[in-house]
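**Student:** Let me see the structure of the following:
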Amino acid sequence: MAFELPSLPFSTNALAASGMCQETLELHHGKHHQAYVTALNGFVEKNPDLQGKSLDEIVLFANGKPDLAPVFNNAGQHWNHILFWKNLSPKGGAIPGKLEAKLIEDFGSVAAFKDAFKLAATSQFGSGWAWLVQGADGKLKTAKSPNGGNPLASGEGKVLLGLDVWEHAYYLDFRNRRPDYTQNYLDKLANYEYAEAHLG
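**Tutor:** Next comes the predicted model:
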């Protein structure tokens, strides 16, 4: 069964007032994400070893195999973007109590969490992602990964938030100002309710 582009959980103009314009969403979701899905389906169709596997299984199967790098990149990007759309909200930015308490416990303060997440996002050289993950020890931490990599592949933990820092995610709205894009995400777009719901 072919992989499909998921629908956005909001309209393409729903985030415009919070710093992500309609054109960004239309291009990012309808063109970039769709391209990853189309490429992944093409690879699966040609490779019997990939057929019948779930998206998670393909990411893990292709991880670290040079001959399957294109498969990993497109499967990883599909996985990452599925999460990314769930991580955005027109009512984003408000941190619910349980998650707030956990962030304070593990980072020292909400401000310290935001600083750590921003550092992960801005220090990722070139294309990639910044993450808030819950490790096997139960503690929250930030992480980053290049290109289509993710914490599923690296084994760093369960993802609670993921921010796309490829330039196509922010260039129309913030040009080359990745720090401003990241701060805007943390303050206005991040779906912290999703993150809290997935706390272990």
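
**Student:** alpha carbons only for contacts and neighbour counts from here, please
**Tutor:** Fine.

**Student:** So residue 79 sits against residue 54, correct?
**Tutor:** No - the criterion here is CA atoms under 8 Å, and residue 79 misses it with residue 54 at 10.7 Å.

**Student:** quick one: which of those two has more around it?
**Tutor:** Neighbours were counted for residue 79 and for residue 54 using other CA atoms under 10 Å; residue 79 has more, 21 against 12.

**Student:** mind checking how far the more buried one is from residue 179?
**Tutor:** The gap separating residue 79 from residue 179 is 24 Å, by CA to CA, to the nearest Å.

**Student:** Find the residue closest to residue 24 in space, skipping its chain neighbours.
**Tutor:** residue 172 (6.4 Å; CA to CA, 6 or more residues apart in numbering).

**Student:** any idea how far the helix or strand that contains the one you found is from the chain center?
**Tutor:** Taking DSSP states H and E as the definition, residue 172 sits inside helix 171-174. Distance of helix 171-174 from the chain centroid (CA atoms, centre = their mean, to the nearest Å) equals 18 Å.

**Student:** Check stretch 159-172 too.
**Tutor:** Taking mean C-alpha positions (CA atoms, centre = their mean), stretch 159-172 and its chain are 7 Å apart.

**Student:** residues touching residue 14, list them.
**Tutor:** Applying CA atoms under 8 Å, 6 or more residues apart in numbering to residue 14 gives the contacts 22, 90.

**Student:** wait, isn't residue 88 in contact with residue 186?
**Tutor:** No - between residue 88 and residue 186 there is no contact under CA under 8 Å: 9.9 Å.

**Student:** Which of the two has more residues huddled nearby?
**Tutor:** Between residue 88 and residue 186, counting by other CA under 10 Å, residue 88 is the more crowded of the two (26 against 23).

**Student:** In the sheet, which residues pair with the more buried one? Tell me.
**Tutor:** Beta-bridge partners recorded for residue 88 (DSSP bridges): residue 190.

**Student:** Would you mind giving the domain segments of this structure?
**Tutor:** Domain ranges of the chain: 21-86, 97-197, per automatic domain parsing.

**Student:** Which strand or helix spans the closest residue to residue 195 other than its chain neighbours?
**Tutor:** Leaving aside its sequence neighbours, residue 195 sits nearest to residue 160 (CA to CA, 6+ apart; 4.5 Å). Using DSSP H and E, residue 160 maps to strand 158-164.

**Student:** now for that strand, which elements pack on it?
**Tutor:** helix 69-86, strand 128-134, helix 151-154, helix 192-197 (3 or more CA pairs under 8 Å, 6 or more residues apart in numbering; DSSP states H and E).
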